[in-house]
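Colleague: Predicted model and sequence below, questions to follow.
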Protein chains: 2
Amino acid sequence: MKRSFIREILEVIGSDTVSFAGGLPDESLFPIEAMQKASQEVLSTPGALQYSITAGIPTLRQKLADYYTGMGLETKSENILITTGAQQALDLISRIYFREGTVVEAPAYLGALNAFSANDCPMYPVPLNDSGLDLHTFEEMFKQTKRAYLMCDFQNPTGICYSDEVRQKLARIAIHHNGIIVEDGAYMELFFEERLAPMSLYAPDHTLHVGSFSKTLAPGLRLGWIRGDEKLLQPILALKERADLHTSALSQHLAERFWESGLFGKHLRKIRSAYKRKCDALADELTSQLSDFCFIKPKGGMFIYGTFPEEIDAKELALACLKNGAVFVPGGEFYPDTCVSSEARFNFSNTTPEEMRRGISIIAQTYKAYMHQKK
Amino acid sequence: MKRSFIREILEVIGSDTVSFAGGLPDESLFPIEAMQKASQEVLSTPGALQYSITAGIPTLRQKLADYYTGMGLETKSENILITTGAQQALDLISRIYFREGTVVEAPAYLGALNAFSANDCPMYPVPLNDSGLDLHTFEEMFKQTKRAYLMCDFQNPTGICYSDEVRQKLARIAIHHNGIIVEDGAYMELFFEERLAPMSLYAPDHTLHVGSFSKTLAPGLRLGWIRGDEKLLQPILALKERADLHTSALSQHLAERFWESGLFGKHLRKIRSAYKRKCDALADELTSQLSDFCFIKPKGGMFIYGTFPEEIDAKELALACLKNGAVFVPGGEFYPDTCVSSEARFNFSNTTPEEMRRGISIIAQTYKAYMHQKK
């Protein structure tokens, strides 16, 4: 089993390399003081240090249930299963539901592809388009698999936001064929303009909605969740018990306490506007310094995705850039069968404007040299 | 996939039920003040809240490496992989190494059996005896599987401690047949008299030693680890990345900081002597109130295991006791194919002397009524 390009890169890059590779949130935005306060409160009793129940602590599950209900997707705490990051949700779901295969986006979130391939789940990729994906192709494949994994909000890697119309049609397909769509909402709250209703709203009993605190609060806590029909959650719960008993009780209590303090809304507004500024800054650098790279600016999330001229092998270019002190992820990594591609993903959440300028300058110079060498 | 008796019991018992069922540490012994202090320090920078590397934070891995080296088992930080509790270690190891089958103890740790069965790993049980297990039977099976899962220290559920001679012979068998023995050391530090050298010491390249902070520090952190040869760890690391990216960075930093503070040794001495007193107290209650229950007092760990007269179905009895306000785990649960058994496991770490008296009294009365009904 090969390790992922991104994780391997994360582990070897020096501190002076400008990385557009990972999906790391800006740690200067972490609500450190509030978390210190929360930790003092939470650790004043031993509960957060003791074994807990597999589904997750009831108070946090209730808050998440209320959150969905507030969006119009009626949810009880029994419909929530806390996981060790959204990554564990994908591992568990694929072990239970994707053994016979699943439709995936092309390109798709690398961590999902890696989880599914580790579990030998056959994958059927459907190309993305500006409003989501081709519904006809999707339905033809979904008829067979009855399973799909989609990221409707500011998709990783492309930044695409599925239109409401596409979401409704996908939901109808899921219901019509009596299948299950796993909707990964990891970036749902990182909108720059508006939040669309999750696709799950239109098919509550035929979807599993995966969420994460990694992008909104702190990834180091390893906190995610699955929202779904109790019957669908039951086998996942039994497997989770065998996978790690339960998710860190301390992490759960901290997130719950932070939420309870009333600071979450303000914090979300702060990171949304910070990421919008970062997105604008990276888009400006790319446009001015690397005009051959073609992209559509996203309306949320953490990534700008686009294409170099088609003769470029973006992986070769990424490795050349890495040697010169900057790195991005070549698009080929995001396809089930890693392929040669001229596409590339740039993360904007974890670099300062100065680093962006320097990093894109390195990449632009490397690109010029690479093109020169090719001729 | 059925859920485990213990986890289901844990989730339904009322607060007035005396539970000898779980393996919960005594939370009044948690070093709460030290953990509060550690959390303030750890959360003064954003590192503990950010994404981290899959293998675990280097400082904690180095401490664990030094811990093994101090025991004579030379270990580098590269030989340590941090996991989300020892439970995740067992899930990951079985997904990589046990697909073709493994030798297990009979009876064995329920969480291990559940992980292995969830991953469809065939299990070949070898009966335990007072000094470990029957080496001839073990070798006959190990020849075939080349894999085994053993808990040499204060085994869960039996409390048996493998003799040093048996450990050395097991190590020679592992080397001779070029196989892998997974040694689960979850209870290793909970000795009442002395700590034996881990079996892994005698076969460092043919063993994976699994450890846990759940019994020594706090299970709510969900922190465990695997010690092994780098080549053996590599595929486990790649799978862990796909399973949950990494273990809670906050939990890792807290454990590391607590260890760094120098308080760990004193804390271990405190819990060892507290658990020894609890073991003595439970043994006294069982002897005086439930003299039909036959057991050997363990020299460490968290459990007293023994047998009722052979006509008893301990599961029937456990369910009857549960109705009356006390519960233990029937021994049949600890066998790969859950069986009718007169054996039973009593946890002593998580009840007070008063609760022990009341709980064993309830069980003794239920036992009498049950026996009366049987006649």
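Modeller: Good, I have the coordinates. The model shown is predicted, which means the values in this text are computed figures rather than measured ones.
Colleague: Using CSV, write out every CA atom in stretch A:65-78.
Modeller: C-alpha atoms of stretch A:65-78 as CSV (Å, rounded to 0.1, in the frame of the first residue of the first chain):
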residue,chain,number,x,y,z
ALA,A,65,-28.5,17.2,15.9
ASP,A,66,-29.8,20.7,16.6
TYR,A,67,-27.4,22.1,14.0
TYR,A,68,-28.9,19.9,11.3
THR,A,69,-32.5,20.5,12.5
GLY,A,70,-31.8,24.2,12.3
MET,A,71,-31.0,23.7,8.6
GLY,A,72,-34.3,22.0,8.0
LEU,A,73,-32.9,18.5,8.2
GLU,A,74,-34.7,17.0,11.2
THR,A,75,-32.1,15.1,13.3
LYS,A,76,-32.0,13.5,16.7
SER,A,77,-28.9,12.7,18.7
GLU,A,78,-29.4,9.1,17.8
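Colleague: That stretch near chain B anywhere?
Modeller: No - applying C-beta under 8 Å from any C-beta of the partner chain, one finds stretch A:65-78 separated from chain B by no less than 12.3 Å. Any C-beta I mention is one placed from the backbone N, CA and C, and that applies to glycine too.
Colleague: Could you give me the buried positions within that stretch?
Modeller: Judged by neighbour count using 16 or more other C-beta atoms under 10 Å in any protein chain shown, the buried positions of stretch A:65-78 are A:Ala65, A:Tyr67, A:Tyr68, A:Leu73, A:Thr75, A:Ser77.
Colleague: In JSON lines, list those residues along with secondary structure and pLDDT.
Modeller: Shown next, in JSON lines, are those (DSSP: H, G, I helix; E, B strand; the rest coil; pLDDT from 0 to 100):
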{"residue": "A:Ala65", "secondary structure": "helix", "pLDDT": "98"}
{"residue": "A:Tyr67", "secondary structure": "helix", "pLDDT": "98"}
{"residue": "A:Tyr68", "secondary structure": "helix", "pLDDT": "98"}
{"residue": "A:Leu73", "secondary structure": "coil", "pLDDT": "98"}
{"residue": "A:Thr75", "secondary structure": "coil", "pLDDT": "98"}
{"residue": "A:Ser77", "secondary structure": "helix", "pLDDT": "98"}
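Colleague: Now for the residues you listed: which two are most distant?
Modeller: Across the buried residues of stretch A:65-78, the longest distance by C-beta to C-beta is 13.9 Å; it joins A:Leu73 and A:Ser77.
Colleague: measure stretch A:121-136 end to end?
Modeller: Stretch A:121-136 has an end-to-end distance of 23 Å (criterion: C-alpha to C-alpha, to the nearest Å).
Colleague: Residue numbers of the stretch 51-200 of chain A in contact with chain B?
Modeller: So far as C-beta under 8 Å from any C-beta goes, the stretch 51-200 of chain A lies against chain B at A:51-54, A:84-85, A:87-88, A:91, A:111, A:114-115, A:118.
Colleague: okay, these in a markdown table with neighbour count next?
Modeller: Converted to a markdown table, those look like this (neighbours: other C-beta atoms under 10 Å in any protein chain shown):
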| residue | neighbour count |
| --- | --- |
| A:Tyr51 | 22 |
| A:Ser52 | 25 |
| A:Ile53 | 17 |
| A:Thr54 | 24 |
| A:Thr84 | 30 |
| A:Gly85 | 29 |
| A:Gln87 | 27 |
| A:Gln88 | 28 |
| A:Asp91 | 30 |
| A:Gly111 | 23 |
| A:Asn114 | 25 |
| A:Ala115 | 27 |
| A:Ala118 | 18 |
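Colleague: Backbone dihedrals for the closest residue to chain B within the stretch 251-375 of chain A, both of them.
Modeller: Of all residues in the stretch 251-375 of chain A, the one sitting closest to chain B is A:Ser251 (5.5 Å; C-beta to the nearest C-beta). As for A:Ser251, its main-chain torsions (degrees, to the nearest 10) stand at phi -60, psi -40.
Colleague: Contact partners for the closest residue to A:Val340 other than its chain neighbours?
Modeller: Nearest residue to A:Val340, sequence neighbours excluded (C-beta to C-beta, 6 or more residues apart in numbering or on different chains): A:Asp313, at 5.3 Å. A:Asp313 makes contact with A:Pro330, A:Val340, A:Ser341, A:Ser342 under the criterion C-beta atoms under 8 Å, 6 or more residues apart in numbering or on different chains.
Colleague: Check the gap between A:Asp313 and A:Ser19 for me.
Modeller: Plainly put, A:Asp313 is 20 Å away from A:Ser19 if you go by C-beta to C-beta, to the nearest Å.
Colleague: try A:His267
Modeller: Counting by C-beta to C-beta, the gap from A:His267 to A:Ser19 is 24 Å.
Colleague: Low-confidence stretches in chain A?
Modeller: A:1-4, A:6-8, A:10-12 (pLDDT under 70).
Colleague: who does the helix ranked longest in it touch, helix- and strand-wise?
Modeller: Ranked by residue count under DSSP state H, the longest helix found in chain A is helix A:264-289. When contacts are defined as 3 or more C-beta pairs under 8 Å, 6 or more residues apart in numbering or on different chains; DSSP states H and E, helix A:264-289 packs onto strand A:303-307, helix A:353-374.
Colleague: can you give me the offset of that helix from its chain's centre?
Modeller: Averaging C-alpha positions (C-alpha atoms, centre = their mean, to the nearest Å) puts helix A:264-289 17 Å from its chain's average.
Colleague: What of stretch A:176-188?
Modeller: The chain centre lies 14 Å from the centre of stretch A:176-188; the measure is C-alpha atoms, centre = their mean.
Colleague: and what of stretch A:244-261?
Modeller: Offset of stretch A:244-261 from its chain centre (C-alpha atoms, centre = their mean): 20 Å.
Colleague: which parts of it are buried?
Modeller: Neighbour-count burial for stretch A:244-261 flags A:244-259 (criterion: 16+ other C-beta under 10 Å).
Colleague: now, which of the contacts of A:Asp313 lie within strands?
Modeller: A:Pro330 (DSSP state E).
Colleague: Mind putting the contacts of A:Asp313 into CSV with neighbour count?
Modeller: Below are the contacts of A:Asp313 laid out as CSV (neighbours: other C-beta under 10 Å):
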residue, neighbour count
A:Pro330, 27
A:Val340, 12
A:Ser341, 20
A:Ser342, 20
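Colleague: Of the contacts of A:Asp313, just say which sits nearest to A:Glu165.
Modeller: For the contacts of A:Asp313, the nearest to A:Glu165 is A:Ser341 (28.8 Å; C-beta to C-beta).
Colleague: dump the residue contacts of the closest one.
Modeller: Applying C-beta under 8 Å, 6+ apart, the residues near A:Ser341 are A:Asp313, A:Ala314, A:Lys315, A:Pro330, A:Gly331, A:Gly332, A:Tyr335.
Colleague: In helices, which of those residues appear?
Modeller: Those of the contacts of A:Ser341 lying in helices (DSSP H): A:Ala314, A:Lys315.
Colleague: between the contacts of A:Ser341, which is nearest A:Ser15?
Modeller: Nearest to A:Ser15 among the contacts of A:Ser341: A:Pro330, at 22.7 Å, using C-beta to C-beta.
Colleague: Please look at that closest one and A:Phe346 and confirm they touch.
Modeller: No - using C-beta atoms under 8 Å, A:Pro330 makes no contact with A:Phe346, being 11.1 Å away.
Colleague: residues contacting A:Ile180?
Modeller: Contact analysis of A:Ile180 by C-beta under 8 Å, 6+ apart lists A:Tyr97, A:Lys146, A:Arg147, A:Ala148, A:Ala174, A:His206, A:Thr207, A:Leu208, A:Leu232.
Colleague: For A:Arg147, see how far away it is.
Modeller: Per C-beta to C-beta, A:Ile180 is found 6 Å from A:Arg147.
Colleague: where do the contact lists of these two overlap?
Modeller: By C-beta under 8 Å, 6+ apart, the residues touching both A:Ile180 and A:Arg147 are A:Tyr97.
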